[in-house]
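Asks: The sequence and its predicted three-dimensional model are supplied below.
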Amino acid sequence: IATKYLKDYQATSYLVDTIDLKFEIKDTFVIVTSKTKYQQNGASNSLELAGSAELKSVIIDGNELTDYKLADDKLSLNNLSANFTLEIVTHVDAFNNKSCMGLYASNGNLFTQCEPEGFRKITYYLDRPDVMAKFTTTIIGDKDLYPVLLSNGNKISEKTLANNQIEVIWEDPYKKPSYLFALVAGKFAFIDDTFTTKSGRKVKLEVYSEAESINQCQHCLESLKRAMEWDEKRFNLEYDLDVYMIVASGDFNMGAMENKGLNIFNTKYVLAETKTATDTDFINVEAVVGHEYFHNWTGNRVTCRDWFQLSLKEGLTVFRDQEFTADLHSRTVKRIQDVKNLRQMQFTEDASPLSHPVRPESYMEINNFYTMTVYEKGAEVVRMYQTILDKEGFNRGLALYFERHDGYAVTCEDFCKAMADANKIDLSQFMLWYSQSGTPHLAISDHYNEATKEYSITFKQSIPNNPTAKAMLIPVSIGLILDNGKNIIPDIKNHNTIVRDNEVILLLNEAENTFIFGGISEKPTPSILRGFSAPVIINYAYDEKQLYTLARHDNDSFNRWEALQSIYKTEINRIYHSESPDKFEINQNITKIISELLNDATIDPALKALSINLPAFAELSISYPNTDVKKLVGSIKRLKSAIANGLETQLLAVYKDNQTVSYDFNDAGKRALKNTLLGYLMQGNNTGKSIELVAAQYKNADNMTDKIGALSAINDIDSPVRHQLLDNFAQEYANYPLVMDKWFSLQSQSQLPDTIDNVANLLNHPSFDKENPNKLYSLVRAFTANPIYFNTDAGYNFIAEEIIRIDSFNPGVAGRIANGFSSIANYESKYQTLVKPQLQKIMAKENLSRDVYEIISKTLQ
Ligand code: HT7
Ligand code: ZN
């Protein structure tokens, strides 16, 4: 299997002016005719087109060609003129395509997914992002089976043909790469609205879904309007077509797709209604709608030169959707959630054999690079530009980026250069964030000089799993706090610092940097990396008193939360290393500060919920080389139980205080706190009483958040009530696939001893669909995040067998599940011994996809 390298990039020998596509939908296949105008680009007169559909004919400038070369999914054409029109006819087996890539059927409707390389499953083309063309699409299908026929751009004609056929023509006025092409055909209901842009253009907004779920689409439509308004206000970016369509598909490999003017979404990120979606689902729908909408500028108008530059559009667009959610809801809560996610998912990826830079230098299968690193670390990289340049400077840079590159396919250097030029600064060192893999660590030491009243702090940067890494430009936001809790704005003596609006940002740029602050009356406690100003791990030897000072008095709300996390981590570490964890007695300062926090009426309940949430196994495991999995899970659990027992009365009182009378989305914070507390109470000794609470909450719930809250709390408890509630849930929601996904996930995550058998049996449950990506993610992939049961012989065997089965029809999903094996490299060696034969078994599968081959071979290394 060949590896592709960034360094080998070459422009194509021909470029495309226009492509006219015709789709004729037949009973068992689709005839696709593409007419493409090519124009020479350089000296070569040969052309290689990517394609894997059944090729029926090749016509160049009206003459049928018979001596073409077709091999390895490539059509080679030689001795071509400088300009020519190529007409290609293919037959696409859309109705048997279970890969959810290219043109495929889902519940009788047809959808496309072309990013990254799906267009080549439809026709033979220069299927790469630097080839941008104007697309016209004609779709012909049976009027009863396919009353709705959609593609990119504006509808320019619709007519009825003979034999009950309809023909619709769409024209997209913007040049685009093939990965942004889309087609939808089928039976759909829709809701619509309009949005008037800041320059006064009226845009039609339409959300399509199957008729039975159309009543769950209003939140999606409202979210779209909010996104359009926000992008105008925050970044001065306006929508550019007459219509914006979103279509929901129940079979989709990822979250959603930003095809020009015709987004296709996983139903998971469209449907949201109180009875069937949780508060988190509502926020996620809004965020994904925003994300795809924001791509219209960051991805579509300015796209990527090649797939190595994927983070150019994804990191930037994730940053934009994070800011959207932060502006519309709580900025602190959003930041904490994003950092938790980054630490649990991206830091672990970067500590695994699959670690790669934000801009990878090589890949076998690009599908494998839609990763946490490209998306989430990529978003942190974009955030750092804003931290360094301030919002105004960042917006200037973005405006210059669009001014220079609108309509082009560009690179991460182009983005960095626009930021640098618009602000007249040198950002060349910053490019290392794109090329160096691994999470930087900062070893921090400090010194207070009583005589001079100077405080100095030294940072040593390194990347442990990338020892040759060069020193990066790292913005570290810092504050100093005195023993009385006063936050001071220090007088800084160094050049490479930024001081603005009560904020001090230190710019680390060497292997070791020291910063000196003057006029400090006593040895302060440093509040380091405020707001998580860079995606790094800091090591500073805080003593207990300092952590409590930060947790109580830091002006930076993120770092107050962070100090509490450090307090919990210290305690979990004490349990992990204890000779007799059974005799563990909790440090009373922990229960005291949690008690204070819960009593503090000034703190938002959502923030309280996050503040008492303990760090997750996935986040902690990377700081435990050769992790003893059971011991670490047990240590976290022990701390949780100790808190529950130490504060039972108060937890119960606060639980009751946060009950809500009738559903209001604005009470989401209260629900989050209440459900977190219920989870705690279930871990305490008073199980009988807590089970009653769970049962009552489940019975009285008027919303999905509280139902799932009750089920999650009891999910690890061996009680008949758990079974009753799960049965009741399955009956009530049997006809709601997305709700059943939650039910499968819960069972897959359970810490009860029958979990492996139960998960294996659930594959045959009537609500399960062994080919549907959402189902496979909710049961099979979710199981790889169950530390106790996945990390067993039977657990590894179950996942290996599933990967082999799924790989035969959907390599994308199989590859994403195979990722679950990568964290084992950091665990005790017995786990590696156990997993190796399973990985070898996968490697031995005949016709193993590139997707799985790449992941497993790298995991085995
Ligand atoms: N840009 C989109 C990528 C995507 C995708 C990639 C591989 C396979 C299936 C896929 N569906 C969508 C998603 C995004 O907006 O980031
Ligand atoms: Zn995206």
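Replies: Yep, it's here. Ligands and ions are numbered 1, 2, ... in the order given.

Asks: so what's the residue nearest to Val302 when sequence neighbours are not counted up against?
Replies: Nearest residue to Val302, sequence neighbours excluded (CB to CB, 6 or more residues apart in numbering): His405, at 4.6 Å. Every C-beta, even on glycine, is put in place using the N, C-alpha and C of the backbone. With contact set as CB atoms under 8 Å, 6 or more residues apart in numbering, His405 has these partners: Val302, Asp414, Ala418.

Asks: Just read off the phi/psi values of the residue nearest to the second one when sequence neighbours are not counted.
Replies: Closest residue to Asp414 apart from its sequence neighbours, by CB to CB, 6+ apart: His405 at 6.0 Å. Dihedral angles of His405 (phi, psi; degrees, to the nearest 10) stand at phi -120, psi 10.

Asks: ok, so what distance separates His405 from ligand 1?
Replies: Remark: distance between His405 and ligand 1 (CB to the nearest ligand atom, to the nearest Å) = 18 Å.

Asks: Please report the confidence value the model assigns to that residue.
Replies: For His405, the model assigns a pLDDT of 98.

Asks: and Asn494, what pLDDT?
Replies: 83.

Asks: you'd agree it is up against Glu510?
Replies: No. The criterion here is CB atoms under 8 Å, and Asn494 misses it with Glu510 at 11.9 Å.

Asks: can you tell me which helix or strand the residue sitting furthest away from the middle of the chain belongs to?
Replies: Farthest-out residue of the chain from its mean C-alpha position, per CA atoms, centre = their mean: Ala451, at 50.9 Å. Per DSSP states H and E: Ala451 is located in neither a helix nor a strand.

Asks: Also Lys608?
Replies: Going by DSSP H and E, Lys608 is part of helix 605-612.

Asks: Check the offset of the very next helix or strand once past that helix from the chain's centre.
Replies: Tracing the chain C-terminally past helix 605-612 and defining elements by DSSP H and E, one meets helix 617-621 next. The chain centroid and the centroid of helix 617-621 are separated by 18 Å, computed with CA atoms, centre = their mean, to the nearest Å.

Asks: Please work out which residues outside helix 617-621 touch it.
Replies: Contacts for helix 617-621 (CB under 8 Å, 6+ apart): 340, 343-345, 347-348, 569, 572, 627, 629, 632-633, 636, 785, 787, 823, 826-827.

Asks: pLDDT at the residue farthest from the centre of the chain, what is it?
Replies: Predicted confidence (pLDDT) for Ala451: 97.

Asks: Let the chain start at 38 from now.
Replies: Sure thing, new numbering starts at 38, so read that last one as Ala488.

Asks: Can you name the residues that contact it?
Replies: Ala488 touches nothing, counting by CB under 8 Å, 6+ apart.

Asks: Then the one 10 residues further on?
Replies: Contact analysis of Gln498 by CB under 8 Å, 6+ apart lists Pro477, His478, Leu479, Ala508, Met509, Ile511, Leu545, Ala548, Glu549, Val573.

Asks: Just the pLDDT for it.
Replies: In this model, Gln498 carries a pLDDT of 98.

Asks: what is it paired to in the beta sheet?
Replies: The partner list for Gln498 in beta bridges (DSSP bridges) reads Leu479.

Asks: so how far is ligand 2 from it?
Replies: 30 Å (CB to the ion, to the nearest Å).

Asks: now Arg759
Replies: 38 Å.

Asks: Spatially, and excluding backbone neighbours, which residue is closest to that residue.
Replies: Ile751 (4.7 Å).

Asks: Output the contacts of Gln498 as JSON lines; include the columns distance to Asn801.
Replies: Converted to JSON lines, the contacts of Gln498 look like this (distance: CB to CB, whole Å):
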{"residue": "Pro477", "distance to Asn801": "47"}
{"residue": "His478", "distance to Asn801": "47"}
{"residue": "Leu479", "distance to Asn801": "50"}
{"residue": "Ala508", "distance to Asn801": "55"}
{"residue": "Met509", "distance to Asn801": "51"}
{"residue": "Ile511", "distance to Asn801": "51"}
{"residue": "Leu545", "distance to Asn801": "55"}
{"residue": "Ala548", "distance to Asn801": "57"}
{"residue": "Glu549", "distance to Asn801": "59"}
{"residue": "Val573", "distance to Asn801": "46"}
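
Asks: Please flag which of those residues sit within strands.
Replies: In this view, the contacts of Gln498 that belong to strands under DSSP state E are His478, Leu479, Ile511, Leu545, Glu549.

Asks: Among those residues, name the buried ones.
Replies: His478, Leu479, Ile511, Leu545 (16 or more other CB atoms under 10 Å).

Asks: what's the burial count for Ile96?
Replies: Neighbour count for Ile96, taken as other CB atoms under 10 Å: 15.

Asks: Give me the sheet partners of the helix or strand where it lies and which way each runs.
Replies: In the assignment (DSSP H and E), Ile96 maps to strand 91-97. Take DSSP bridges as the rule and strand 91-97 pairs in its sheet with strand 100-101 (antiparallel), strand 120-129 (antiparallel).

Asks: Provide a list of residues in contact with whatever residue of the stretch 88-237 of the chain ends up closest to ligand 2.
Replies: Closest to ligand 2 within the stretch 88-237 of the chain is Glu152: 9.0 Å, counting by CB to the ion. Taking CB under 8 Å, 6+ apart as the criterion, Glu152 is in contact with Tyr216, Leu217, Met294.

Asks: Kindly recompute the last result at 10 Å.
Replies: 138, 166, 214-219, 291, 294-296, 336, 344, 347, 403-404, 407 (CB atoms under 10 Å, 6 or more residues apart in numbering).

Asks: For it, give its distance to Asp164.
Replies: 10 Å (CB to CB, to the nearest Å).

Asks: so what sits against both of these two?
Replies: Pro214, Ser215, Tyr216, Phe218.

Asks: Now rank those residues by neighbours and give me the top one.
Replies: Ranking these using other CB under 10 Å puts Phe218 first, with 27 neighbours.

Asks: any idea which helix or strand carries whichever residue of the chain sits closest to ligand 1?
Replies: Closest contact between the chain and ligand 1, by CB to the nearest ligand atom, is at Met291 (3.5 Å). Using DSSP H and E, Met291 sits within no helix or strand.

Asks: Contacts only, for it.
Replies: 137, 150, 152, 302-303, 306, 325, 404, 407, 810, 849-850, 853.

Asks: Thanks a lot, see you next time.
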